[in-house]
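J.: have a look at this fold, sequence not included:
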């Protein structure tokens, strides 16, 4: 059986597609603050970023049985401008038994900041939460 020898110069030129350049992921920034349940259906989270106080007033879609407080909360975000945090108004996550973890989202469905921290008083069990709210600065 005869096998032809392939010579590179006779091969057709195939252009490989270029992949679009991806924006480099920014290193997450962390702001410190606190979170307190102000009623069975509401809470307030306050963080200091660049000498400005950012306050989130949130409402749970279902009431919680137990009040909670986090004196050392962290808000992790990747926005270039801290004021962009105000775009994230929807949240979901877990509260209890020892910690809180709320993932914020923008209206467009893009992930926003992540709020985490250890509860000051342990709860009997963890509960899934969903809600929304608004940011303000002072």
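T.: Received, thanks. Predicted model only: the values in this text are computed from it and were never measured. Numbers count the residues shown, from 1 in each chain.
J.: use CA for all of it now, contacts and neighbours both
T.: Will do.
J.: I figured residue 106 hits residue 89, correct?
T.: Yes. Contact criterion Cα atoms under 8 Å: residue 106 and residue 89 qualify, at 6.1 Å.
J.: partner strands of the helix or strand harbouring residue 92, parallel or antiparallel?
T.: Assessed by DSSP states H and E, residue 92 sits inside strand 88-95. Strand 88-95 sits in its sheet next to strand 99-106 (antiparallel), strand 127-137 (antiparallel), going by DSSP bridges.
J.: in stretch 96-113, what's buried?
T.: Residues of stretch 96-113 classed as buried by neighbour count (16 or more other Cα atoms under 10 Å): 96, 99, 100, 101, 102, 103, 104, 105, 106, 111, 112, 113.
J.: check stretch 80-93 too.
T.: Those buried within stretch 80-93 under the rule 16+ other Cα under 10 Å are 85, 86, 87, 88, 89, 90, 91, 92, 93.
J.: got those as JSON lines, with distance to residue 62 and pLDDT columns?
T.: What follows is the buried residues of stretch 80-93, written out as JSON lines (distance: Cα to Cα, whole Å; pLDDT from 0 to 100):
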{"residue": "85", "distance to residue 62": "24", "pLDDT": "87"}
{"residue": "86", "distance to residue 62": "23", "pLDDT": "87"}
{"residue": "87", "distance to residue 62": "23", "pLDDT": "85"}
{"residue": "88", "distance to residue 62": "20", "pLDDT": "87"}
{"residue": "89", "distance to residue 62": "17", "pLDDT": "92"}
{"residue": "90", "distance to residue 62": "14", "pLDDT": "95"}
{"residue": "91", "distance to residue 62": "13", "pLDDT": "97"}
{"residue": "92", "distance to residue 62": "12", "pLDDT": "97"}
{"residue": "93", "distance to residue 62": "13", "pLDDT": "98"}
